[in-house]
Each structure stands twice: as structure tokens, then as C-alpha cells.
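A.B. asks: How does the following fold in three dimensions:
(chains A and B)
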Amino acid sequence: MAYKKRSDGRKFDELRPIEAKLGVIARADGSAYFKIGNTEAYAAVYGPRDLYPRFLQNPEKGVLRCSYGMMAFAGSGDRVRPGPSRRSTEISTVTQRALSPVIDLDEFPNAVVDVYIQLSQTDAGSRCAGICAASMALADAGIVMKDMVAAVAVGKIDKTMIVDLDYEEEAFEGEVADIPIAIIPSSGEYTLLQMDGRIEKEDLMKALELGKEVCKKIVKIQRETIRENFKRSEK
Amino acid sequence: MNHSRKSHIIEYLNKDTRYDGRKLLEFRKFEFKQGIIKTAEGSAWVRLGDTEVIAGVKFELGQPYPDIPEEGTMMVNVELLPLSSPEFEPGPPGEWAVEVSRVVDRGIRESKVIDTRSLCVEKGKLVWNILIDICPINEAGNLLDVSGIAAYLALEDAKFPDREDDKVDYKKLTNKKLKLSGMPIPISVLKIGDKLIVDPIPEEESILDARLTVCTLNDKIISALQKGGGVPLNDKDISEMIDIAFKKAKEIRLKINKG
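C.D. replies: Residues are numbered from 1 along each chain as shown, chains lettered A, B, ... in the order given. Below is the predicted model:
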């Protein structure tokens, strides 16, 4: 089964429409909203604040703690039971790894920065949307960052390389490779790399190259949103 | 909260005004949207002042309870997401989460707003279960009332999904809606000193003496009550608080009906 045309009419290297907002959660120290297609993520940052239990504290520098969760009605099928699952625990871990290389918590020994990500609806790519939102929320909270982090899923369906898979594409009956990545745009380095499906090395490298290109578009939107918000608050 | 802020709030209340400038029985700005979540069969977004929640309804097929073979079920769950407030911590639901969930649940359940018999697919074998989940995005006071309003709006928006035997096809929604026989709106009336207020901000909630949440279905019928706070209430308090709840719920219903 050849994949010639995307079901929603996008080009193979085209992202779904993105909507980004900053400062959407009044009680958080920083927050952001990132919607790509029908995948919608909220991120809130609390801290740096005291870390309990104390044995988790690091006297050298602050700790980044990430938590990913889906609202009960955000899945495409049955209700998602609230609370941590194996899936959400793993995504929390890889999200923490995706973000920690760009943030500087040397000034905050024994403290924690909590990042809470919640998906209110999903159509694939939810961990990437969560990372995009969290990266903006960290900036909004005034955490010192070396760069933004932009994330997207790239992949291969049949013989075609595509970016930003939706749920229907992930579930394609045939050969699929789904590769969520996160990138530090200034260095081109990867902070998230996962994959499931089947792919050859050459194709993987091509997919990563494609991902790097579209991440530039994402980071542009992230930066513009932050800049706009900053201008508004200056007025 | 520090002592000076508490005395500040009380000082204002004694002048019949609020910490944020409102009148004693004045709600903050109320906004809502329905049908905002594509993965839910019904949904609503509600904002009251800075408090913002999303409610979603999911339909599931299951076996009925043996004692009610012709009835489906409903459940309300409020998740106090740590995302929405510095005071909420991760972990299993605490007392407040359970209380909010149960009071909203009772306001809809016991009043039979949803005719659970209409959820029966096959007697004794298959019924619809209605699951209403409420997630705060920003918790800035009066979460119980906002959750209750959001639950109703999401139910009003909900459409049955398609099904084949006992399998639900969540991709296809039918045009069939739930029949709702009332508009349950919970209103929490707080007593601080000898003053009664509605739609509290967190600073006011933290110093309340007593709270009475009154859920009403219309201008006549009360469908749930819950007293909170450590100070007892007398008959006069209760009577006044119920009158206020009817009046404020009526205002909310008017705004909902206007759209």
C-alpha cells in the first residue's frame, strides 16, 4: 500500500497548524499553550522552590522535575484513567531529559523547578507538543536557558518520509516508523530521540534531517510568541 | 496566609466590599464555550474570573449492576491538577478533590437530571456509562461552582457515539443527545464573620468560617447541599444562603441560555 497523499491534504514536510500562547495559567510562575493540529498541550512551571522530600535535593544545583499527563477525555478512544501510567511515567522521564540540557539551575542548589504538562486533546505527537509548550513555559518563568527546545515527530510511511504524523498516519496499516525528536536549534543537537516501527539507517538519517528543518519553523513560532508577550508586558 | 491580609479582607467586608473590589454577592466575569475537545463526546470550557476549567464527557459501554439491570451510570471526577495551582500536589486525590467531585456528582445524580434508564441498551446486558471529568487549568477560587457549571455544559453538549454491538466507535458521533431534566448549578455561599459572600477568591476561601454549597435545578428545587467550614450555621443563615444560591444560579442560567 503506497502512501501517495496525506489524508488531511498536507505536504509531506508540512506541519499541522500551530497555535502558541504564553502566560495562560495565572497562578503558575511560567506557563504556555501549544496546539498543533488537534493535539493541545498546556504547560505550567512552578519554582525554583524548595524540594521535598529532602533526600531528592542536590546541593550542587537545582533539580528539574517533569510530569506529563493526559486529561481523562484527551485520548482518541476510551477514557484515560487519571493518574500515572507506565506510558506517562516514561514520557515524563524523556521530557525531563529533553529539556534539562538547555536550562541552567546552578544558582538554585537544593531547589526544584516543577514542569507540569497536561494534554487536553490528542491526535498523535503529544509528547512533542508537551515539550514545545514546556520549553516556552520555562522561558516565561524566567529560568535561564541556553536555547529553546523544539520537538516534532518525523517518520516514514511506506516509502515516504513525513513530518508531524497524526493519529491516522501512526496507525497506518503497512510499514511505519514513528520518530519523536527534540532539538536544540542553535547546535542542531538532539535531546529527545525515540522510534518505533521499522526503518533503515539511511532513511533514519534523512528523517532526522527533515525534522531539523521543520523544528526551525517551530522554534520561530515559539520565539515570536515569547517576544510578543514580552512586548505586551513592557507596555 | 498572613495575619495582616486576613484583617484586610475582614476590614473590607465590614464596609460591604471585597478584597478585589466586588460587591458581597457579585460574581466575577463568567465565560464559557462548548464543544472544544474533539476527543470527548461532550466538552466545555468555563472561566470565572481567573478560575478556568475544562470538562469532558466520555461514554463507555458496560454491564449494568445486577440490582439495576435497566440503568446506565454516571460519575463525576475532578482532578486537582498540580498544573493549575501551587497548592496542588501530585498523588492520589485528597479530601478536597473528593469533596468537589462528590458534591458536583450528587447535584446531577440524585436529582435524576440524567434519566439513567435512557442509557440502557439491552436489559441486564449492556448499558451506557457516562464519565464526566473536570480538569482545572487555573485554580483561582470557587472551583466547586465552576466545576459544577462546566459538568452541566459538557453534558448539554454531549452526543452519543456510534456503536456496533458492545464496541464503541468513538470516531463517529450520532445526533442523539442526553435528555437532561434540569440545569444543576451549584452555588457556594461563604460566611466570614457575619457577612455572606459568593464566588470567593482563594484568599477569602482560606479564612471562611462556614460554607454552604447549594445545588439547584431550577427556581424551586434543591438537588444537593454540602456544609463546609468549622463554624456552625443557624436556621436564619441557612435560609438566607439558600435564597442567595437560587438567585445567583438563576443569573448563571440566564447567561448560559443567552449563549
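A.B. asks: do stretch B:141-154 and chain A meet?
C.D. replies: No - shown here: stretch B:141-154 not in contact with chain A (C-beta under 8 Å from any C-beta of the partner chain), separated by at least 8.7 Å. C-betas here are computed from N, CA, C, even on glycine.
A.B. asks: Work out which residue lies at the spatial centre of chain B.
C.D. replies: B:G148 (1.2 Å; C-alpha atoms, centre = their mean).
A.B. asks: So it, which state does it fall into?
C.D. replies: The local conformation at B:G148, judged by DSSP: H, G, I helix; E, B strand; the rest coil, is helix.
A.B. asks: list the contacts for the nearest residue to it once chain neighbours are set aside?
C.D. replies: Here the nearest residue to B:G148 in space, its sequence neighbours aside, is B:P186; by C-beta to C-beta, 6 or more residues apart in numbering or on different chains that works out to 3.7 Å. B:P186 sits next to B:103-104, B:107, B:144-145, B:148-149, B:213-215, B:224 when contact means C-beta atoms under 8 Å, 6 or more residues apart in numbering or on different chains.
A.B. asks: Let's have those residues in TSV, adding secondary structure.
C.D. replies: TSV is the format used below for the contacts of B:P186 (three-state DSSP):
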residue	secondary structure
B:V103	helix
B:V104	helix
B:G107	helix
B:L144	helix
B:D145	helix
B:G148	helix
B:I149	helix
B:T213	strand
B:V214	strand
B:C215	strand
B:A224	strand
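A.B. asks: In TSV: these, plus pLDDT.
C.D. replies: Shown next, in TSV, are the contacts of B:P186 (pLDDT from 0 to 100):
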residue	pLDDT
B:V103	96
B:V104	96
B:G107	92
B:L144	97
B:D145	98
B:G148	98
B:I149	98
B:T213	98
B:V214	97
B:C215	97
B:A224	95
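A.B. asks: which of those lies closest to chain A?
C.D. replies: Nearest to chain A among these, counting by C-beta to the nearest C-beta, is B:V104 at 14.5 Å.
A.B. asks: is it true that the closest one touches B:A151?
C.D. replies: Yes - B:V104 lies in contact with B:A151 (C-beta atoms under 8 Å); the separation is 5.4 Å.
A.B. asks: where's the nearest residue to A:V154 once chain neighbours are set aside relative to A:I183, distance?
C.D. replies: Excluding its sequence neighbours, the residue lying closest to A:V154 (C-beta to C-beta, 6+ apart) is A:G211, at 4.0 Å. A:G211 sits 7 Å away from A:I183, taking C-beta to C-beta, to the nearest Å as the criterion.
A.B. asks: contacting residues for B:L83?
C.D. replies: Taking C-beta under 8 Å, 6+ apart, one finds A:25, A:28, A:42-44, A:116-118, B:137 in contact with B:L83.
A.B. asks: Which strand or helix spans the residue of chain B found nearest chain A?
C.D. replies: Residue nearest to chain A within chain B (C-beta to the nearest C-beta): B:G56, separated by 2.7 Å. Element membership for B:G56, per DSSP states H and E: strand B:51-62.
A.B. asks: Which neighbouring elements make contact with that strand?
C.D. replies: strand B:42-48, strand B:126-138, helix B:143-157, strand B:159-164, strand B:167-177 (3 or more C-beta pairs under 8 Å, 6 or more residues apart in numbering or on different chains; DSSP states H and E).
A.B. asks: May I have the secondary structure class of the spatially closest residue to B:E205 that is not a sequence neighbour?
C.D. replies: Excluding its sequence neighbours, the residue lying closest to B:E205 (C-beta to C-beta, 6+ apart) is B:G141, at 5.9 Å. When classified by three-state DSSP, B:G141 comes out as coil.
A.B. asks: name the helices or strands packed onto the longest helix along chain B?
C.D. replies: In chain B, with assignment by DSSP state H, the single longest helix is helix B:235-258. Packing partners of helix B:235-258 (3+ C-beta pairs under 8 Å, 6+ apart): strand B:30-34, helix B:143-157, strand B:185-192, strand B:195-198, strand B:210-216.
A.B. asks: wait, which of those is closest to A:G197?
C.D. replies: helix B:143-157 (35.9 Å; C-beta to C-beta).
A.B. asks: For the top helix by length along chain A, list every residue counted as buried.
C.D. replies: Counting by DSSP H, the longest helix found in chain A is helix A:201-234. By 16 or more other C-beta atoms under 10 Å in any protein chain shown, the buried positions in helix A:201-234 come out as A:204, A:207-208, A:210-212, A:214-215, A:217-219, A:221-223, A:225-226, A:229.
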